[in-house]
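[1] I need the structure of the sequence given here:
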Amino acid sequence: MGKRKIIWSHRAQIKLFNILDFYAERNKSKTYSKKLYHRFKKEIKLLEKQPDLGIKTDDITIRGFIILDYIIFYEITTNSIIIHTIWDCRQNPDDLIIK
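    Numbers count the residues shown, from 1 in each chain. This is a model prediction of the structure:
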């Protein structure tokens, strides 16, 4: 089987932007945001090669992949890996919406 395509949901794109924007504003610099973004990209490339790396969740179609203080929730399909959301583990878990 060939490499699966990474597809970011709209929610995941917004979450990623908000996380990176938060650190840029807080630190008054984009340096950490850039490092964090590159870390996300590097780790997600691992999922392309080994999509089963993430831990199983209560929803059998969704897995979670831990990167620093974040969990990327994703779904594996025949041709793609759909990233549904990015969750900051320091938030209230009752607020988590995956899909």
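
[2] Contacts only, for the residue nearest the centre of the chain.
    By CA atoms, centre = their mean, the chain has its centre lying nearest to Ile72, at 3.1 Å. Residues near Ile72 by CB atoms under 8 Å, 6 or more residues apart in numbering: 12, 40, 43-44, 54, 64-65, 83, 85-87. No exception for glycine: its C-beta is placed from N, CA and C like everyone else's.

[3] next one: Ile76
    Listed by CB under 8 Å, 6+ apart, the contact set of Ile76 reads 4, 51-52, 61, 63.

[4] In strands, which of these fall?
    Among those, DSSP state E puts Arg63 in strands.

[5] ok, so of the contacts of Ile76, who is nearest Tyr32?
    Distance to Tyr32 across those (CB to CB) is lowest for Arg63, with 27.0 Å.

[6] So which residues of the protein form helices?
    10-27, 31-49 (DSSP state H).

[7] tell me which residues in the longest one are buried?
    Under the neighbour-count criterion of 16 or more other CB atoms under 10 Å, helix 31-49 has 33, 36, 40, 43-44, 47 buried.

[8] Equivalent analysis for stretch 46-61, please.
    Buried residues in stretch 46-61 (16+ other CB under 10 Å): 47, 51, 54.

[9] got it, and stretch 12-26?
    Applying 16+ other CB under 10 Å to stretch 12-26 flags 12, 15-16, 19-20, 23-24 as buried.

[10] gap between that stretch and the chain center?
    The chain centroid and the centroid of stretch 12-26 are separated by 12 Å under CA atoms, centre = their mean, to the nearest Å.

[11] Next: stretch 74-83.
    In terms of CA atoms, centre = their mean, the centre of stretch 74-83 is set 12 Å apart from its chain centre.

[12] Endpoints of it, how far apart?
    Using CA to CA, to the nearest Å, the end-to-end distance of stretch 74-83 comes out at 4 Å.

[13] pLDDT score assigned to the residue sitting furthest away from the middle of the chain?
    Most distant from the centre of the chain: Lys28, at 23.9 Å, with distances by CA atoms, centre = their mean. At Lys28, the model reports a pLDDT of 96.
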